[in-house]
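1. next come a sequence and a model predicted from it.
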Amino acid sequence: MGRRVTRRTFLKAAGTVALGAAAAGTPVRRAWGQTPTRIVFWHAMGGNLGETVVNAFVNKFNAARKDIQVEAQFQGSYDDLINKLRASLGSSSVPAVSQVYDIGTRFMIDSKAIVPMQTFIDREKFDISQYEPNILSYYRVGTRLYSMPFNTSSAILYYNKDLFKQAGLDPNQPPRTFEEIEAYATKLVQSNATRSGITIAIYGWFFEQLLARQGALYVNNNNGRTAAATAVVYDHEEQGTRILEWWARMVKNGVATNPGRPTAASQRAFAAGQTAMTVDSTATLKSLLTQSGGRFQLGTGYFPKPPAATNGGSIVGGASAWILNGRPPAEQQAAWEFVKFISAPPQQAAWYVGTGYFPIRRDAYREPIARQTLAQYPQFLTAISELRSSPINPATQGALLGVFPEARQKSEDAIEATVLGRKSPQQALADAARDVNQAIAVYNRTMGVS
């Protein structure tokens, strides 16, 4: 999902013409004496992302739209934000628009505290034909788009082309299957090109991606998309066991390194040339290029899958923008104008170049700044190709689960127990499933979901 979230318990008990002018950067003048509609935008983009890119968007919008003024408020981590949002529902402190991470989708819908984005799209007959279908599919349930994608990423393979050459491997042919990853990692180590063929952080998002690449589901009821999920299914499907067996075998055989749970550790090892391969979010590409400092040629490849998997693909991660129904209609409409602005091609291209998250719409790549970036960093093409080559089905749409943060932590517990040799893959997944299913039952009962 682009950035790892903290492990805090998730569940504890106006008009088209004006937008066009704003998107083009042309000031829209308000009538004399008219008071602008002020709205608050909550986000979780800290550091450079918040201080430069997000604030730049807000400042540009405010300069163009004198009838609407947006105040961006940083709320901490993704978990911090959604917990604050939950606490604000039904009060006057609820924002008009809020960023929420992908795994918060089910809760946001169940909260009944939002206005589906589809409502505004239908009312205005807003054209979404240029938006990436695979990205929209995550945030669409049935025929309704509930939120607007904002920062979007997927998971890819990163590899050191120089170490591949030293090991006698083709630097322009990255491995694409579980078996190839294992074979390449073995050759890299046995040839003394490196002490670590691949380093994989114990991150639940990677487990979800590895399932989706096989066309496998995470929870029942078509990944919670035809009805509310009542149980995970990875514990009694061979795809889940296959992932953990492959992962643990490479670590046991000394061709893969276990850096623990922080993805920052695997990123540092790869950037320092201490491991030949790693997997991570597409949003880390620019950071890895910067950290490596040009010391080696960085290659990118598709996230791995078993060779027999034919109906799988990537799941998008990141976050989307939600409009809250706890604000007056004028603020909801103002929020919609802001959502359209940040999803317009110039902003999406700037977001892409400034952060590494890829645009949510195809026409953003035609912007000069995006074309220049693709020419300079062709590694970005891998994520785009991987996204567009993925079929849209319940596996690649991603699971909808009200207790996803807890579920992700439990899958990490299972991976860790297997990799460290404490449990068999079957037992580790069964234990995780038991705990997650209990949490699902409590959530569904508490939220009145059936």
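-> Great, that's in hand. Because the structure is a prediction, the values reported are computed rather than measured. Numbering: from 1, shown residues only.
2. which strand residues bridge the residue nearest to the spatial centre of the chain?
-> Closest to where the C-alpha atoms of the chain average out (Cα atoms, centre = their mean) is G317, at 1.4 Å. Beta bridges link G317 to S153 when assigned by DSSP bridges.
3. would you confirm that it contacts S153?
-> Yes - contact criterion Cβ atoms under 8 Å: G317 and S153 qualify, at 5.2 Å. Any C-beta I mention is one placed from the backbone N, CA and C, and that applies to glycine too.
4. gap between the residue nearest to the centre of the chain and T152?
-> Going from G317 to T152 by Cβ to Cβ, to the nearest Å gives 7 Å.
5. can you pull out the helices in the stretch 101-250 of the chain?
-> Remark: helices assigned in the stretch 101-250 of the chain by DSSP state H, counting those that start in this stretch are 105-111, 117-124, 133-139, 161-166, 178-190, 204-212, 220-224, 238-252.
6. mean confidence score for the longest one?
-> Meaning helix 238-252. Helix 238-252 carries an average pLDDT of 97.
7. can you list the buried residues in it?
-> Buried residues in helix 238-252, defined by neighbour count with 16 or more other Cβ atoms under 10 Å: 239-248, 250-251.
8. what sits up against the very next helix or strand once past it?
-> Toward the C-terminal end, the helix or strand that comes next after helix 238-252 (DSSP states H and E) is strand 256-257. Here strand 256-257 makes contact (Cβ atoms under 8 Å, 6 or more residues apart in numbering) with 185, 196-200, 247, 250-251, 269, 275.
9. of these, which pair is most distant in space?
-> Spanning the widest gap among the contacts of strand 256-257 are W247 and A269, at 16.4 Å by Cβ to Cβ.
10. now tell me what touches the lengthiest helix in the chain from outside.
-> Longest helix in the chain by number of residues (criterion: DSSP state H): helix 425-447. Contact with helix 425-447 is made by 11, 13, 107, 110-111, 219, 228-232, 234-235, 240-241, 244-245, 248, 401-403, 406-407, 410-411, 413-415, 417-418, 422-423, 449-450, as judged by Cβ under 8 Å, 6+ apart.
11. span of stretch 137-155 from start to end?
-> End-to-end span of stretch 137-155 (Cα to Cα, to the nearest Å): 17 Å.
12. only the buried residues of it, if you could.
-> Buried-residue list, stretch 137-155, by 16+ other Cβ under 10 Å: 137-141, 145-155.
13. which of those sits closest to Q190?
-> For these, the nearest to Q190 is A155 (27.1 Å; Cβ to Cβ).
14. quick one: average confidence on whichever helix or strand T418 is part of?
-> Here T418, judged by DSSP H and E, is contained in helix 404-419. Taken as a whole, helix 404-419 carries a mean pLDDT of 97.
15. from the contact counts, what lies against it?
-> helix 204-212, helix 238-252, helix 425-447 (3 or more Cβ pairs under 8 Å, 6 or more residues apart in numbering; DSSP states H and E).
16. and it with helix 425-447, angle?
-> 170 degrees (axes from the mean of the first three to the mean of the last three Cα atoms, to 10 degrees).
17. can I get helix 404-419 in CSV, CA atoms only?
-> Extracted in CSV, the C-alpha atoms of helix 404-419 (Å, rounded to 0.1, in the frame of the first residue of the first chain):
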residue,chain,number,x,y,z
PHE,A,404,-7.9,-5.3,7.9
PRO,A,405,-5.2,-3.7,10.1
GLU,A,406,-5.6,-6.5,12.7
ALA,A,407,-5.7,-9.1,9.9
ARG,A,408,-2.6,-7.7,8.3
GLN,A,409,-0.7,-8.0,11.6
LYS,A,410,-1.9,-11.6,12.1
SER,A,411,-0.6,-12.5,8.6
GLU,A,412,2.7,-11.0,9.6
ASP,A,413,2.7,-13.1,12.7
ALA,A,414,2.1,-16.2,10.5
ILE,A,415,4.9,-15.3,8.1
GLU,A,416,7.4,-14.6,11.0
ALA,A,417,6.5,-17.9,12.8
THR,A,418,7.1,-19.8,9.6
VAL,A,419,10.3,-18.1,8.5
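18. start the count at 890 instead of 1 going forward.
-> Yes, from this point I'll number from 890; that puts the last item at helix 1293-1308.
19. what residues does it touch?
-> By Cβ under 8 Å, 6+ apart, helix 1293-1308 touches 894, 896-900, 968, 992-993, 995, 1091-1094, 1096-1097, 1121, 1123, 1133-1134, 1136-1137, 1140, 1147, 1150, 1290, 1312-1314, 1317-1318, 1320-1321, 1324-1325, 1328.
20. over to stretch 1188-1200?
-> Defining contact as Cβ under 8 Å, 6+ apart, one finds that stretch 1188-1200 is touched by 1043-1050, 1053, 1060-1061, 1063-1070, 1098-1099, 1102-1104, 1131, 1168, 1174, 1201, 1203, 1268, 1271-1272, 1275, 1280, 1282, 1284.
21. now with 6 Å, please.
-> Residues from elsewhere that reach stretch 1188-1200, judged by Cβ atoms under 6 Å, 6 or more residues apart in numbering: 1044-1048, 1050, 1063, 1065-1067, 1070, 1098, 1102-1104, 1201, 1268, 1271, 1275.
22. now A1259: how far from R1138?
-> Taken as Cβ to Cβ, the span from A1259 to R1138 is 41 Å.
23. how many other residues sit next to A1161?
-> Counted with other Cβ atoms under 10 Å, the neighbours of A1161 add up to 12.
24. tell me the buried residues in stretch 1248-1260?
-> 1248-1251, 1253-1254, 1256, 1259.
25. select from these every entry located in helices.
-> Going by DSSP H, the helices hold A1259 from the buried residues of stretch 1248-1260.
26. re earlier: and Q1180, which of the helices and strands packed on helix 1293-1308 is closest to it?
-> The nearest among the helices and strands packed on helix 1293-1308, by Cβ to Cβ, is helix 1093-1101 at 19.8 Å.
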